[in-house]
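A.B. asks: coordinates only, sequence not included:
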């Protein structure tokens, strides 16, 4: 955080406390365990927790101020300012909005059904070629994570790449109103969160809220390969660019897969550069095209963009390759929906490894009435790709292996536990084999890899 006077920060809040301190603070946190001298602590409350109980410890740790929704007269008296507000979550969001306006960085908002975090990572590495850039840590992309990311923008930071997630209507608008983005990327419109959204059209409307709220002087980058992009573009005030594979103002073409990643060409409206992305999967090239287009729209030269992409690294659990005892593991266990599952399976099938190609899959959450169809479609896709085996864990994921088996893939098995699946997988593997591990966060599919790492 850029040092800011406490009285200025307090001015962003609806508070009944008179804070006149000109002490400069440089961090806002919601984690009582990490409070350091001079921090501002926001006491959030939820159904199962109430951070107000930790206020004495926070004060003892040297906090410059605490933001609370009630005051306990038994709290110790001292130099710690107490800012009392009606709602501490809204106060955190107000603080972030005020700080963002005070700091005035370039803010790029990013949303989509698939590839948000990967595209965020790629966009940050590209934008760093011209701007001192900070991006959402991990996938802290909700009503708490977005404010904390904005408040983490430090002295000298010129650009923030802010990931925005949602699973209910109206959530993107809340995040947009906090971040006030100058630019936006929508990776795609898929089936993720359809359980709560009801339809893919509703998901498109929600995702489109981000680019629609970018001001007239801003930049919007949409997926040239997504059917909803033209519709979303009609509601935008800013300048709209399209980017994708074989299409768009910035287009990726001539894809060549290697064991280390993908070689391809990027065409920036006629200027073509050879590019290498050290991440496997054609779908990742599409994400790279979006990031490249955002950089290009902000004046970064194509050759610099290609150089930046060649050094890209993704947040863990996203097409993360791990070589263990001659086996090529692809850890994509962080999250999953039918579209991203199929993209991961296609990437696995396209590997040039010498041995088997095995998919180890878990359940996909938030599909609601589309759960059976969604899981079965993944199994059918796996069989059509001619994979060596599909192993699944859990009752819902059994629909995947069942559909794959019905489609002719004999090595399609379901297991009750990760441990049983890992044991069977171990009996199948030989050096030169490749294994994709994927499922929704709740499926915990990284547990299948752990026995191999520990052996």
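C.D. replies: Nice, thanks for sending it over. What you are looking at is a predicted structure, and each value in this text was computed from that prediction instead of being measured. Numbering: from 1, shown residues only.

A.B. asks: Could you measure from residue 209 over to residue 251?
C.D. replies: Going from residue 209 to residue 251 by CB to CB, to the nearest Å gives 27 Å. Yep, even glycine has a C-beta here, placed from its N, CA and C like the rest.

A.B. asks: In three-state terms, how would residue 373 be classified?
C.D. replies: helix (DSSP: H, G, I helix; E, B strand; the rest coil).

A.B. asks: Could you count how many residues lie near residue 453?
C.D. replies: Neighbour count of residue 453, defined by other CB atoms under 10 Å: 11.

A.B. asks: wait, it sits on residue 327?
C.D. replies: No - in this structure, residue 453 is not within contact of residue 327 by CB atoms under 8 Å, at 10.9 Å.

A.B. asks: Quick check: which element contains the spatially most central residue of the chain?
C.D. replies: Closest to where the C-alpha atoms of the chain average out (CA atoms, centre = their mean) is residue 117, at 2.6 Å. Assessed by DSSP states H and E, residue 117 sits inside helix 116-127.

A.B. asks: Can you give me the domain boundaries for the chain?
C.D. replies: 4-88, 105-309, 320-454 (automatic domain parsing).

A.B. asks: I'd like the ones you listed as a markdown table, with distance to residue 95 appended.
C.D. replies: Below are the domains of the chain laid out as a markdown table (distance: least, CB to CB, whole Å):
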| stretch | distance to residue 95 |
| --- | --- |
| domain 4-88 | 5 |
| domain 105-309 | 7 |
| domain 320-454 | 28 |
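
A.B. asks: Compile these into JSON lines and extend it with columns for distance to residue 97 and mean pLDDT.
C.D. replies: Supplementary listing: these in JSON lines, determined by distance: least, CB to CB, whole Å; pLDDT from 0 to 100:
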{"stretch": "domain 4-88", "distance to residue 97": "7", "mean pLDDT": "91"}
{"stretch": "domain 105-309", "distance to residue 97": "5", "mean pLDDT": "93"}
{"stretch": "domain 320-454", "distance to residue 97": "28", "mean pLDDT": "93"}
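
A.B. asks: With residue 44 as the reference, measure out to residue 98.
C.D. replies: 18 Å.

A.B. asks: Leaving out chain neighbours, which residue sits closest to residue 52?
C.D. replies: Excluding the flanking residues, the one nearest residue 52 by CB to CB, 6 or more residues apart in numbering is residue 43, at 4.8 Å.

A.B. asks: could you list every residue that touches that neighbour?
C.D. replies: By CB atoms under 8 Å, 6 or more residues apart in numbering, residue 43 lies in contact with 30, 50-52, 54-55, 66-69, 88.

A.B. asks: neighbours around residue 177, how many?
C.D. replies: 11.

A.B. asks: can you tell me the helix or strand for it?
C.D. replies: Here residue 177 is assigned to helix 171-179, by DSSP H and E.

A.B. asks: so how far is that helix from its chain's centroid?
C.D. replies: Counting by CA atoms, centre = their mean, to the nearest Å, helix 171-179 is centred 16 Å from the centre of its parent chain.

A.B. asks: again with stretch 246-266
C.D. replies: That offset, for stretch 246-266, works out to 22 Å (CA atoms, centre = their mean).

A.B. asks: what's the distance between residue 151 and residue 361?
C.D. replies: Distance from residue 151 to residue 361, by CB to CB: 38 Å.

A.B. asks: more crowded one of the two?
C.D. replies: residue 361 (32 against 23).

A.B. asks: Let's verify the nearest residue in space to that one that is not next to it in sequence: helix, strand, or coil?
C.D. replies: Excluding the flanking residues, the one nearest residue 361 by CB to CB, 6+ apart is residue 392, at 5.1 Å. At residue 392 the chain is in strand, as set by three-state DSSP.
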